[in-house]
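J.: Got a sequence here, can you model it:
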Amino acid sequence: MEDIAKKVEDILVNKLGIAATEVTPDANLIKDLGIDSLDYAELVMEFEQTFDIRIPDSDAELLSTVSQAVDYISSKIGG
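T.: This is a model prediction of the structure:
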């Protein structure tokens, strides 16, 4: 799970150009990290590619915090 969290953090830092210190488990992707709908779609695609999973739109809408994204990805890959 720590490995997944680190990869998610790296994706957020690289895609959004934010500091790693901003990526906390409780950070809201939209409110705290300031992503828009295009950034959100790109992040979901990056998660899918990085972790080799499929995230349906209905599930993607539920990923509002960093920890929710990490937990979801962990459940999809059995981590």
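J.: Tell me where this protein is predicted with low confidence.
T.: For the chain, the stretches with pLDDT under 70 are 1, 79.
J.: Find the centremost residue of it, please.
T.: The centroid of the chain falls nearest to Ala69 when counting by Cα atoms, centre = their mean (4.7 Å).
J.: what's the nearest residue to that residue if we skip its chain neighbours?
T.: Leu63 (4.6 Å; Cβ to Cβ, 6 or more residues apart in numbering). C-beta here means a position set from N, CA and C on the backbone, and glycine is covered the same way.
J.: give me the element the one you found is part of.
T.: Counting by DSSP states H and E, no helix or strand carries Leu63.
J.: Quick one: residues contacting it.
T.: 29, 44, 55, 69, 72 (Cβ atoms under 8 Å, 6 or more residues apart in numbering).
J.: Name the member of the residues you listed that has the highest neighbour count.
T.: Counting neighbours by other Cβ atoms under 10 Å, the top entry in these is Ala69, with 24 neighbours.
J.: what about that one, helix or strand, and which?
T.: helix 66-77.
J.: Would you mind stating the distance between Leu62 and Thr21?
T.: Remark: distance between Leu62 and Thr21 (Cβ to Cβ, to the nearest Å) = 25 Å.
J.: which residues in this structure form helices?
T.: For the chain, the helices defined by DSSP state H cover 2-16, 37-51, 57-60, 66-77.
J.: and of those helices, who's closest to Pro25?
T.: Nearest to Pro25, of all the helices of the chain, is helix 66-77, at 3.9 Å by Cβ to Cβ.
J.: And stretch 19-38, what's buried?
T.: Within stretch 19-38, the residues that qualify as buried by neighbour count (16 or more other Cβ atoms under 10 Å) are 23, 27, 29, 33, 35.
J.: follow-up on the earlier one: what's near enough to touch the residue nearest to the centre of the chain?
T.: Counting by Cβ under 8 Å, 6+ apart, the residues that Ala69 touches are 8, 29, 47, 63.
J.: can you redo these as a markdown table with distance to Ile77?
T.: A markdown table is the format used below for the contacts of Ala69 (distance: Cβ to Cβ, whole Å):
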| residue | distance to Ile77 |
| --- | --- |
| Val8 | 12 |
| Leu29 | 20 |
| Phe47 | 11 |
| Leu63 | 15 |
